[in-house]
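Participant: take this sequence and fold it.
(2 chains)
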2 protein chains.
Amino acid sequence: MQGFFQLISTAEFLGLLDRFPPLATERVPLARGLGRILADEVTSPEALPPFARATMDGFAVRARDTFGCSDSEPALLTIAGEIAMGRAGSELALLPGQAATIWTGGALPSQADSVVMVEYSHRLDERTVEIQRPVAPGDNVIREGEDYAHDAVVLRRGHQLRPQDLGVLAGIGITSVAVHRRPRVAIISTGDELIPPERQPAPGQIRDINSTTLAALVEECGGEAVALGITSDSPEELSEACRKALALPADAVLLSGGSSVGRRDFTLEVFARLEHTEVLAHGVSIRPGKPTILARRDNIAFFGLPGHVGSAIVVFHLLVRPLLRRLAGAADDGLRRIRAVTSEQIPSVVGREDYVRVALHQEDAPRRVTATPVYGKSGLLNPLVRADGLLIIKRDTEGLDEGEEAEVLLFPGHHPAGLATY
Amino acid sequence: MQGFFQLISTAEFLGLLDRFPPLATERVPLARGLGRILADEVTSPEALPPFARATMDGFAVRARDTFGCSDSEPALLTIAGEIAMGRAGSELALLPGQAATIWTGGALPSQADSVVMVEYSHRLDERTVEIQRPVAPGDNVIREGEDYAHDAVVLRRGHQLRPQDLGVLAGIGITSVAVHRRPRVAIISTGDELIPPERQPAPGQIRDINSTTLAALVEECGGEAVALGITSDSPEELSEACRKALALPADAVLLSGGSSVGRRDFTLEVFARLEHTEVLAHGVSIRPGKPTILARRDNIAFFGLPGHVGSAIVVFHLLVRPLLRRLAGAADDGLRRIRAVTSEQIPSVVGREDYVRVALHQEDAPRRVTATPVYGKSGLLNPLVRADGLLIIKRDTEGLDEGEEAEVLLFPGHHPAGLATY
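Facilitator: Residues are numbered from 1 along each chain as shown, chains lettered A, B, ... in the order given. The predicted structure follows:
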């Protein structure tokens, strides 16, 4: 028996996570940068584009040579040559009355300041072109440095890299980025009744579900999971598993099962007795997930999670995920939220946040999303598979009426069927 | 010169993708299953749980022994023993008037049909317990097979695996899954002006952005990208690059640049001349992205994408991504959509779909999301970095008024700042 919970709110718990600083930085090539989080601001090492470029196929001109021209009174220009793709604009200098053939992306010749689209030109012969519409200086041209000036800020610290970001970095010649190291997370399941999934359970035994689930949750939010297997409900085995995690070394340790206040719940005791380890929290006023423990040794976070996988998933999204994102340098938890209306009354109690598994579906008419609770006895797995997210009932409400609007945390990596638009 | 476009709608284009069947299946262990798509229905090979389990700490009882009891008139039961975690329920059989100590997850002893929570019991001595509330048969118990019956459907074909799904599979002893092979996608950039990102451009040269961007887009939607580098604008080099892609072998080939109808646009010609290759489309009535080509050789898809990276990204999300998802066995494009209202008037023309890059922000009061166009000259990169998604203007509208509602495709893997709820 571990005594009693000292319940704190989720906000208080999240505040405790501020004690864990982001991880060290490392450089990775762009090809391994997708989804990583920038540890530093990125500025452009050069002007982009490095030269004035055409944005259309057509003729590079001096704009004033086209002023006043029209279909009926075209401007007649002499074709001085062609700027082939990849050639310097300085290879050709336009004199007054001259034009040069140019292609989208090509470098403007010297003295040219604009491009006439090919659609508004008519080539009379090899040397002469009629221009049917006037252009202003800068028309159909990107000026040198117009995209990014030298030293301009391209991406900010804490930004999570998307494909387009990586492309822009390639464009300015940046081929590697400084990002925070991915958090390494040790995963331990405890329970005398547990066996690995590949084994056939003897009567009374159950396969370990949490190791697989928590490892995938860690992977999904960008961490590296190291599953340390199953321990029995003994303080000695639990301590030994925690020491293994420290030796990895791990940045965070997730120990599921044994976090409550029952006779078999040794997690708190084990954390408290680890050298140089401080217990920061035991008990959070949420349901499910109340028996959650947070401890800290140096910058390593030890979580005691509920043994039931449904509760462990809730605690992971609410309390573990924000830490892993923080360690990786992100400012948010990376979860998407939507507003939905309840399909039925959902009871709760004041003073506790409830996270209710819900299935979502879209109603056509007012384009609203309906959240239907996926009930099931505690301990059942099948409701997990049927749920799309977690509906939040706040601390200060006694529950929700049918048709009331609430926020839903969407499980990541999932696209509820029929929910095309919201 | 490649002649003229024969514009088709996006719906027509997507219809053409039906000609490409999903890829072969392979088995992967659960640890590599996250985000993969099930090629077969999964049924439970056994009943889960395999035995009746307690869902609470307390006392396993025969429910009828508790009928009518209360705080003032508790039922007095004899403690016959304890079911330790991981031990078979058959180790103990309850006689009338007996109870057994049990823990959450423990196996019910023979003849027990329910569990009294420890909170509603009072232990008088080692052998005797007072029960203060009656229970009904099945209370605080999960029956054998209540979660999944033998042969029950657990997950359907086409389902994309989430952490909780993998956990449930582990729980029923399924340690590997049949999924469709990840699509392998060859990426080719064409342009005489292009150089690799790590090189310093000479005057007139530009670094290749599309290879990096398209490779990350492919990776983001679960494919394996193979960047084949840069080719010049010559039909011979392009043909050679396509043959390299066939030799990989690739399931899809993305060739960006050269897909339009200009003098330097050889992609269509090259596709048309590849042996056993049929051109299915040249031109889609969308903006940007009009000069898009689709060709087919056996089950290999050849895409000609616009050269400008901003347009190539739009075409990827709209037309390439659905193919890659289809090849991987998914029924949807995996993109999230939200409704947003426009911050200003946005013009368009009837008969064409427009995809306008927008930044999103949330307004507090009516919790609506506002979409602000991120304009910028064609060819600029910085608008790509500033946008959160693509606002869709449908074929049958002339544009949107300020404050009008429209659908926005969210760029994946990105969480617009301040957009906590929608």
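Participant: from A:Ile37, how far out is A:Arg181?
Facilitator: 10 Å (CB to CB, to the nearest Å). Every C-beta, even on glycine, is put in place using the N, C-alpha and C of the backbone.
Participant: mutual contacts of the two, please.
Facilitator: Taking CB atoms under 8 Å, 6 or more residues apart in numbering or on different chains as the contact criterion, the residues that touch both A:Arg181 and A:Ile37 are A:Ala328.
Participant: between those two, who's got more neighbours?
Facilitator: Of the pair A:Arg181 and A:Ile37, A:Ile37 is the one with more neighbours under other CB atoms under 10 Å in any protein chain shown, namely 23 against 18.
Participant: quick check: A:Gly376 is in a helix.
Facilitator: No - according to DSSP: H, G, I helix; E, B strand; the rest coil, A:Gly376 belongs to no helix; its state is coil.
Participant: which residues of the stretch 301-422 of chain A score low on pLDDT?
Facilitator: A:364-367, A:413-422 (pLDDT under 70).
Participant: show me which strand runs longest in chain A.
Facilitator: What stands out as the longest strand in chain A, according to DSSP state E, is strand A:353-362.
Participant: any residue of it up close to chain B?
Facilitator: No - if you take CB under 8 Å from any CB of the partner chain as the test, strand A:353-362 misses chain B, and the best it gets is 9.8 Å.
Participant: centre of the chain to whichever helix or strand comes after that strand, how far?
Facilitator: Sequence order places strand A:369-373 as the next helix or strand after strand A:353-362, per DSSP states H and E. On the basis of CA atoms, centre = their mean, to the nearest Å, strand A:369-373 sits 25 Å off its chain's mean C-alpha point.
Participant: ok, residues contacting strand A:369-373?
Facilitator: A:338-344, A:346, A:356-363, A:389, A:391, A:406, A:408, A:419, A:422.
Participant: the helix or strand following it: which residues count as buried?
Facilitator: Sequence-wise, the next helix or strand downstream of strand A:369-373 (DSSP H and E) is helix A:382-386. By neighbour count on 16 or more other CB atoms under 10 Å in any protein chain shown, the buried set for helix A:382-386 is A:Asn382, A:Pro383, A:Leu384, A:Val385.
Participant: same question, stretch A:316-336
Facilitator: Applying 16+ other CB under 10 Å to stretch A:316-336 flags A:316-330, A:333-336 as buried.
Participant: would you mind writing the CA trace of it as PDB?
Facilitator: What follows is stretch A:316-336, C-alpha atoms only, in PDB (Å, rounded to 0.1, in the frame of the first residue of the first chain):
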ATOM      1  CA  PHE A 316       0.000   9.300 -22.800                       C
ATOM      2  CA  HIS A 317      -1.800  11.800 -25.000                       C
ATOM      3  CA  LEU A 318      -2.500  14.200 -22.200                       C
ATOM      4  CA  LEU A 319       0.600  14.100 -20.100                       C
ATOM      5  CA  VAL A 320       3.400  12.100 -21.700                       C
ATOM      6  CA  ARG A 321       3.100  13.500 -25.300                       C
ATOM      7  CA  PRO A 322       3.600  17.100 -24.200                       C
ATOM      8  CA  LEU A 323       6.800  16.100 -22.500                       C
ATOM      9  CA  LEU A 324       8.200  14.200 -25.500                       C
ATOM     10  CA  ARG A 325       7.200  17.200 -27.800                       C
ATOM     11  CA  ARG A 326       8.900  19.500 -25.300                       C
ATOM     12  CA  LEU A 327      12.100  17.400 -25.200                       C
ATOM     13  CA  ALA A 328      12.100  17.500 -29.100                       C
ATOM     14  CA  GLY A 329      11.800  21.300 -29.100                       C
ATOM     15  CA  ALA A 330       8.100  21.700 -30.000                       C
ATOM     16  CA  ALA A 331       5.900  24.300 -28.300                       C
ATOM     17  CA  ASP A 332       2.600  22.300 -28.600                       C
ATOM     18  CA  ASP A 333       1.400  18.700 -28.200                       C
ATOM     19  CA  GLY A 334       0.800  18.200 -31.900                       C
ATOM     20  CA  LEU A 335      -2.700  16.900 -31.400                       C
ATOM     21  CA  ARG A 336      -5.600  18.100 -33.500                       C
END
